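1. 3D, please:
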Amino acid sequence: MKNFKITLICTTLAFSGAASAGWLDFLNQADDAAETVQKTTSTIKTINNASQNTQAVAQTAQVGLVDTLVKQLGVTPAQATGGSGALFQVAKSKMTDAAFGQLSQSVPGMDGLLAAAPKTQPASATGDLLSGLAAASGNSTLVDAASLVSTFQQLNLSEGMISQFTPIVVDYVRQNGGELTANLLQTALSGS
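-> Got it, this is the predicted structure:
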């Protein structure tokens, strides 16, 4: 009988240890699951923050060119947007679709800039004469120059501002699109 009790106690202890281990494993699995949920939540938050930061960077880059022109030249945002858009319109007319596509990738909001440039209309008799002479010469560089003068006059900017806008716009493209893209823009604007 004594051996039976000892065997019963040993068996009970053996099974109770296994049962306790099962409960302990179950509790550990719950802790592991909670930790996995926390890590997943943290990863989702990181992805959402990165997405928001990317959008903020894109918005900053879009405003960056206009802000740079406003700060460096003392022009209004409308003048900066319209003037840079006019330069990009000239570049677009001189560049292949592929080259302009590459340029557009380095300037966020390119469509908005192009749309902001006033339609070419000579603002004065001098503008009419300049446009007429340029057209008569058949020189597309002169026609583009006359167009830019007209556009800048419509923005209440002097023709001298064209030469101030151009290096800032080209430098912006260099910083955002690289040397090759900036050279493509410079070549298109210089008429070479």
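
2. For this structure, give me the ranges with low pLDDT.
-> 1-34, 36-37, 40-44, 46-63, 120-141, 192 (pLDDT under 70).

3. got the residue ranges for the helices in it?
-> 2-73, 77-94, 97-106, 110-116, 125-137, 140-154, 160-177, 179-190 (DSSP state H).

4. Next, the buried residues of the fourth one.
-> What it means is helix 110-116. When neighbours are counted by 16 or more other Cβ atoms under 10 Å, the buried residues of helix 110-116 are found to be Met110, Leu113, Leu114, Ala116. Heads up, the C-betas are built off the backbone N, CA and C, glycines and all.

5. pretty sure the second one is touching Phe88, no?
-> Yes: counting by Cβ atoms under 8 Å, a contact exists between Leu113 and Phe88, whose distance comes to 5.7 Å.

6. so what's in contact with those two at the same time?
-> With contacts defined as Cβ atoms under 8 Å, 6 or more residues apart in numbering, the residues adjacent to both Leu113 and Phe88 are Val107.

7. Present the buried residues of helix 110-116 as a markdown table; the columns should include distance to Phe165.
-> Shown next, in a markdown table, are the buried residues of helix 110-116 (distance: Cβ to Cβ, whole Å):
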| residue | distance to Phe165 |
| --- | --- |
| Met110 | 16 |
| Leu113 | 12 |
| Leu114 | 15 |
| Ala116 | 13 |
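
8. Now for Leu103, how many residues are close by?
-> For Leu103, the count of nearby residues is 22 (other Cβ atoms under 10 Å).

9. quick one: which of the buried residues of helix 110-116 is nearest Ser84?
-> Distance to Ser84, by Cβ to Cβ, is smallest for Leu113 among these, at 5.5 Å.

10. and that closest one, what does it touch?
-> For Leu113, the contacting residues are Leu65, Thr81, Ser84, Gly85, Phe88, Val107, by Cβ under 8 Å, 6+ apart.

11. Cool, thanks, talk later.
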